[in-house]
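Chemist: pasting the sequence and the predicted model now:
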Amino acid sequence: MQTAYKRIVIVGGGTAGWMTAVAVATLLPGSEVELVESEEIGIVGVGEATFPFIRLFHERVGIDETEFLRATNGTFKVGAEFRNWRTENHHYFHTFGNFADIAGPTSLWSQYRRVNDPALGVLGEHCLASVMAMQGRFVKPPSEQSNLFTYAYHLDAVLYSRFLRAIAEKRGARRTEGRIVGATRRADGGVDRLKLEDGRDVAGDLFIDCSGFTSLLLGRTLEEPFVDLSHWLPVDRAWAVPCEPSGTELTPHTIATALEGGWAWRIPLTDRIGNGHVFSTRYIDEERAREQLLEQLEGPALAEPRLLRFTTGHRERFWVHNVVALGLSSGFLEPLESTSIFLIQRGLLKMIDLLVPGKQPTASAVNDYNKNMLKAFANIRDFIILHYCLTERRDSQLWRDVSSMELPESLAFRMHVWRQTGELNQYKEDGFVPESWLAIYAGMENWPERLDPVINEVPFEEALRGLHQRRDQINAYVASMPTHAAYLHRVPGR
């Protein structure tokens with residue numbers, strides 16, 4: 001069915017712009033899709049780690065996994081390893097796997113705490129995906145046991161944009177080269193057309209703002225206010241640089257290493273390692289942060305480090321009049337849990353769903369869209385803050401400050417419930433499932449103050465035997481898997 005918006009104009013390319021072009025061209029047949037971008041501006045192209053939702057997006061728009069991996073030098077990702085976050089020389093994993101039952105008095109974690117047997121290792125050793133990460137192994141979950149774990153990808157963001165562009169243009173999207181210098185407004189306050197530097201105009205019915213931090217339409221033209229979250233998430237800079245791999249194993253996970261004034265990422269691709277240092281200029285100057293990043297590299301740098309400046313936060317609304325902002329133009333939460341692309345896809349598919357009936361969305365529907373996106377940002381904000389506020393580090397001012405900061409009420413309540421009852425609440429628009437919250441709590445050794453006495457109804461020896469059996473079975477299964485590198489070699493065309 002034809003959408004109510006005949007002419008859909010996308011402002012800006014990059015991952016957000018071309019992902020939008022693919023989705024609109026595929027899922028809104030009959031629309032005229034035009035993407036306007038300037039090669040002079042370029043793209044940020046830093047986000048190289050993703051969240052499992054990307055696979056659902058690819059499935060919905062018909063993107064083949066093998067072609068995608070081949071085109072983006074992609075690798076598989078089962079989660080992330082966090083180094084030095086609780087204390088120096090401490091590490092834990094947050095992966096996309098399960099811990100069997102996690103609710104109620106017979107939950108795996110509560111029996112694990114009750115048994116308190118050092119031979120069982122950390123709780124992560126009872127999660128299949130975490131053990132895969134620990135041992136550098138990977139296979140896709142069997143279709144009949146898809147609940148065991150899920151996975152995402154590491155990718156080259158620049159190559160991903162090119163890949164998406166080729167698909168979008170093949171499906172009818174049109175690209176216009178040009179620098180946008182302004183926009184004219186309609187009588188109702190919406191945008192009527194874009195004004196290009198060379199004098200051309202680009203008219204549209206619906207405009208998708210994918211202009212990055214500039215937020216050309218939603219921020220500059222419509223002047224939608226910005227909600228600053230830097231009092232909770234103080235990082236405001238990132239250095240990024242690729243390096244040659246050292247020949248070590250190709251890990252199926254991202255590594256996030258806490259440093260003096262922020263943290264460093266390591267993301268493995270098939271041809272290089274992506275590295276970055278996310279930091280706060282309140283606590284460390286740019287040059288020292290650059291030095292710390294270069295000290296982290298495992299091989300020679302392949303380019304000069306690039307500096308990105310940002311403020312963590314988001315616009316008050318994401319859909320205003322006939323403008324929808326996606327990606328950095330709508331907001332930015334630091335990349336600690338690889339949620340930037342997820343937020344693009346979440347907002348994009350929700351927008352598509354409102355446009356599919358062929359009628360212009362009602363004011364109520366748009367209002368619900370904005371509320372849902374606000375909840376998505378808030379829930380991810382809380383999850384990221386959780387990594388910081390549970391730290392026991394006191395060796396630099398950043399870690400002293402985040403360990404004692406006043407938390408958002410929503411997070412403070414969630415943590416209180418966990419500490420008092422062991423309940424892992426889940427809310428609408430949660431980006432992360434309860435198992436993810438459990439992984440962070442357990443990894444940072446933040447446990448409930450008491451255990452439900454009902455757990456004692458399971459005989460102690462039975463509980464102990466069951467935990468050891470699960471751990472042994474996971475280890476045996478993972479030992480039978482190929483290494484991540486060996487599995488990637490099976491991808492056709494590699």
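Modeler: Ah, there it is.

Chemist: check the closest residue to Leu120 other than its chain neighbours and give its pLDDT.
Modeler: Using Cβ to Cβ, 6 or more residues apart in numbering and skipping residues adjacent in sequence, the residue nearest Leu120 is Leu467, 5.6 Å away. C-beta coordinates here come from the backbone N, C-alpha and C atoms, glycine included. Model confidence at Leu467, expressed as pLDDT, equals 96.

Chemist: how about the CA coordinates for the host helix or strand of Leu467, as PDB?
Modeler: Using DSSP states H and E, Leu467 sits within helix 460-479. Taking Å, rounded to 0.1, in the frame of the first residue of the first chain, the C-alpha atoms of helix 460-479 are listed here in PDB:
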ATOM      1  CA  PHE A 460      22.100 -28.600  48.700                       C
ATOM      2  CA  GLU A 461      23.900 -31.600  47.100                       C
ATOM      3  CA  GLU A 462      21.300 -31.500  44.200                       C
ATOM      4  CA  ALA A 463      22.000 -27.800  43.600                       C
ATOM      5  CA  LEU A 464      25.700 -28.300  43.800                       C
ATOM      6  CA  ARG A 465      25.600 -31.200  41.400                       C
ATOM      7  CA  GLY A 466      23.300 -29.400  38.900                       C
ATOM      8  CA  LEU A 467      25.600 -26.300  38.800                       C
ATOM      9  CA  HIS A 468      28.800 -28.400  38.200                       C
ATOM     10  CA  GLN A 469      26.900 -30.400  35.500                       C
ATOM     11  CA  ARG A 470      25.900 -27.300  33.700                       C
ATOM     12  CA  ARG A 471      29.400 -25.800  33.800                       C
ATOM     13  CA  ASP A 472      30.900 -29.100  32.600                       C
ATOM     14  CA  GLN A 473      28.400 -29.400  29.700                       C
ATOM     15  CA  ILE A 474      29.000 -25.800  28.600                       C
ATOM     16  CA  ASN A 475      32.800 -26.400  28.600                       C
ATOM     17  CA  ALA A 476      32.500 -29.600  26.700                       C
ATOM     18  CA  TYR A 477      30.200 -28.000  24.100                       C
ATOM     19  CA  VAL A 478      32.500 -25.000  23.600                       C
ATOM     20  CA  ALA A 479      35.500 -27.200  23.300                       C
END
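
Chemist: now do the same contact list for the residue nearest to Leu120.
Modeler: 108, 111-112, 115, 117, 120, 126 (Cβ atoms under 8 Å, 6 or more residues apart in numbering).

Chemist: would you turn those residues into JSON lines with pLDDT?
Modeler: Below are these laid out as JSON lines (pLDDT from 0 to 100):
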{"residue": "Leu108", "pLDDT": "94"}
{"residue": "Gln111", "pLDDT": "95"}
{"residue": "Tyr112", "pLDDT": "96"}
{"residue": "Val115", "pLDDT": "95"}
{"residue": "Asp117", "pLDDT": "96"}
{"residue": "Leu120", "pLDDT": "97"}
{"residue": "His126", "pLDDT": "96"}
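
Chemist: out of those residues, name the ones that lie in helices.
Modeler: 108, 111-112, 115 (DSSP state H).

Chemist: strands along the stretch 201-350 of the chain, start to end?
Modeler: 201-203, 206-209, 226-228, 237-243, 254-258, 262-268, 273-279, 306-309, 313-315, 319-320, 323-325, 331-332 (DSSP state E, counting those that start in this stretch).

Chemist: can you tell which of the ones you listed is closest to Tyr427?
Modeler: Among those, strand 313-315 comes nearest to Tyr427, with 17.5 Å by Cβ to Cβ.

Chemist: contacts for the closest one, please.
Modeler: Here strand 313-315 has contacts from 215, 218-219, 224-230, 325, 330-333, 374, 377, using Cβ under 8 Å, 6+ apart.

Chemist: stretch 369-386 now?
Modeler: 229, 232-233, 314, 317-319, 330-331, 333-334, 336-337, 339, 343, 346-347, 350-351, 354, 361, 407-408, 410-411, 414-415, 427-432, 436-437, 440.

Chemist: cool, and stretch 410-427?
Modeler: Contacts of stretch 410-427 (Cβ under 8 Å, 6+ apart): 102-103, 107, 110, 375, 378-379, 382, 385-386, 389, 407, 433-434, 437-438, 441, 446, 448-449, 451-452.

Chemist: try it again at 7 Å.
Modeler: 102, 110, 378-379, 382, 385-386, 433-434, 437-438, 441, 448-449, 452 (Cβ atoms under 7 Å, 6 or more residues apart in numbering).

Chemist: check stretch 340-353 too.
Modeler: With Cβ under 7 Å, 6+ apart as the criterion, stretch 340-353 contacts 15-16, 19-20, 23, 27-28, 47, 50-51, 53-54, 57, 60, 318, 324, 326-327, 330, 369, 372-373, 376, 431.

Chemist: just those residues: which are in strands?
Modeler: Counting by DSSP state E, the part of the contacts of stretch 340-353 found in strands is Val324.

Chemist: on that earlier part again, now the buried members of the ones in helices among the contacts of Leu467.
Modeler: 108, 111-112, 115 (16 or more other Cβ atoms under 10 Å).

Chemist: doesn't Val158 fall inside a helix?
Modeler: Yes - Val158: assigned to a helix according to DSSP: H, G, I helix; E, B strand; the rest coil.

Chemist: what's the farthest-apart pair in the contacts of Leu467?
Modeler: The two members of the contacts of Leu467 with the most space between them (Cβ to Cβ) are Leu108 and Asp117, at 13.5 Å.

Chemist: poorly predicted segments of the stretch 351-494 of the chain, please.
Modeler: Along the stretch 351-494 of the chain, the model assigns pLDDT under 70 to residues 493-494.

Chemist: at 50 instead, please
Modeler: Residues of the stretch 351-494 of the chain that meet the criterion pLDDT under 50 are absent altogether.

Chemist: again with the stretch 1-150 of the chain
Modeler: In the stretch 1-150 of the chain, residues with pLDDT under 50: 1, 45.

Chemist: now the strands for it?
Modeler: Using DSSP E, counting those that start in this stretch, strands in the stretch 1-150 of the chain cover 7-11, 32-37, 75-77, 79-83, 91-95.

Chemist: those: which one's closest to Lys195?
Modeler: strand 32-37 (10.8 Å).

Chemist: tell me the strands beside the closest one, with direction?
Modeler: strand 7-11 (parallel), strand 174-177 (parallel) (DSSP bridges).

Chemist: Glu88: which of those is closest?
Modeler: strand 7-11 (44.7 Å).

Chemist: and that closest one, what's buried?
Modeler: Per 16+ other Cβ under 10 Å, strand 7-11 contains these buried residues: 8-11.

Chemist: repeat for stretch 432-445
Modeler: Those would be 432-444, for stretch 432-445 by 16+ other Cβ under 10 Å.
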